[in-house]
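Need coordinates for the following:
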Amino acid sequence: MNIVLPAAPDTSPPTAPGRPVVSAVTPTSFTVGWTPSTDNVGVNRYEVWVGYTDFVYKAGTTPPGTTTFTVTGLQPNGAYTVSIRAIDAAGNTSFSPQASTRTPPVGSGCVATYRVTGTWSGGFQAEVTIRNTGAAATSAWTTTWQYPAGITVTSSWNTVLTRSATTVTARNTPWNGALAPNQSVTFGLVGSGSTAIPVPNLTCVSS
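Next up is the predicted model:
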């Protein structure tokens, strides 16, 4: 007589999803994307968890093949955190690293999105995308953010960039301030210092 033993239970959690990348930020929404998890059996779903003030809530769920989600119903000019929870069929879970962002105030006319495009020992390259969220064309825009002490911007392009203490201010050049509604423009920079800095929260105003 053959004896068939039950399969051992799956106790291995998925690998952690990649740190979320926030884009398309508006006063009431943002889109988040992440690198998928892997699992010895298979990832069953992802949950998107959002933090605001002292409250953390599940904003939504996606199937395993979907690694983007748009979070809606947010407060203008609010500071948010977001992380991704991977869950396999047995209920084992893992969380991604946390990302932070801030929604712009209503009437600011534009949003700015920051992402790191490359890193090396002692330095990094980043790009910022400015998008006109208003109903009329802009003639100028300005975005600001904070870098920790020890981070220096060594060069930039497609912007007029200045720094005072830890505050970085980037303004349009003479050729890229005019943006039609929903049009965007991108500028870049190279910095020196730690490449493990968190993604900064950017404000953006246009005229």
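
distance of residue 99 from residue 203?
According to C-beta to C-beta, to the nearest Å, residue 99 and residue 203 sit 17 Å apart. The way it works is simple: take the backbone N, C-alpha and C, and place the C-beta from them, glycine included.

And for residue 81?
For residue 81, the distance to residue 203 - C-beta to C-beta - is 18 Å.

low-scoring stretches of this protein, by residue?
1-8, 107-108, 195 (pLDDT under 70).

got the contact list for the spatially most central residue of the chain?
Geometric centre of the chain, nearest residue: residue 22, 2.3 Å, by C-alpha atoms, centre = their mean. Shown in contact with residue 22 (C-beta atoms under 8 Å, 6 or more residues apart in numbering): 30-32, 82, 99, 101, 113, 199.

With neighbour count and secondary structure added, can I get these in CSV?
As requested, the contacts of residue 22 are exported to CSV (neighbours: other C-beta atoms under 10 Å; DSSP: H, G, I helix; E, B strand; the rest coil):
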residue, neighbour count, secondary structure
30, 24, strand
31, 17, strand
32, 25, strand
82, 24, strand
99, 19, strand
101, 25, strand
113, 23, strand
199, 18, coil
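
which among those residues gets closest to residue 60?
Using C-beta to C-beta, residue 32 is the member of those that lies nearest residue 60, at 9.9 Å.

Apart from its neighbours in sequence, what residue is nearest residue 207?
The shortest distance from residue 207 to any non-neighbouring residue, by C-beta to C-beta, 6 or more residues apart in numbering, is to residue 140 (5.1 Å).

and what of residue 151?
Residue 151's closest residue in space is residue 193 (C-beta to C-beta, 6+ apart), at 4.0 Å.

tell me the contacts of that neighbour?
Contacts of residue 193 by C-beta under 8 Å, 6+ apart are 122-123, 148, 150-152.

Start and end of stretch 179-198, how far apart?
Taking C-alpha to C-alpha, to the nearest Å, stretch 179-198 runs 29 Å from one end to the other.

got the buried residues for that stretch?
By 16 or more other C-beta atoms under 10 Å, the buried positions in stretch 179-198 come out as 179, 184-185, 187, 189, 191, 193, 195.

Let me know the closest of those to residue 128.
Checking these one by one against residue 128 (C-beta to C-beta), the nearest turns out to be residue 187, at 5.7 Å.

The host helix or strand of that closest one: what's the following helix or strand?
Assigning secondary structure by DSSP states H and E places residue 187 in strand 184-192. Per DSSP H and E, strand 184-192 leads on to strand 203-206 as the next helix or strand towards the C-terminus.

other SSEs contacting that next one?
Packing contacts for strand 203-206, counted by 3 or more C-beta pairs under 8 Å, 6 or more residues apart in numbering; DSSP states H and E, involve strand 110-120, strand 141-146.

Next, the angle from the helix or strand just after the last one to strand 184-192.
Helices and strands here follow DSSP H and E; after strand 141-146, the next one along the chain is strand 152-157. If you take axes from the mean of the first three to the mean of the last three C-alpha atoms, to 10 degrees, strand 152-157 sits at 140 degrees to strand 184-192.

I'd guessed residue 57 sits against residue 48; true?
No. If you go by C-beta atoms under 8 Å, residue 57 and residue 48 don't touch, sitting 9.8 Å apart.
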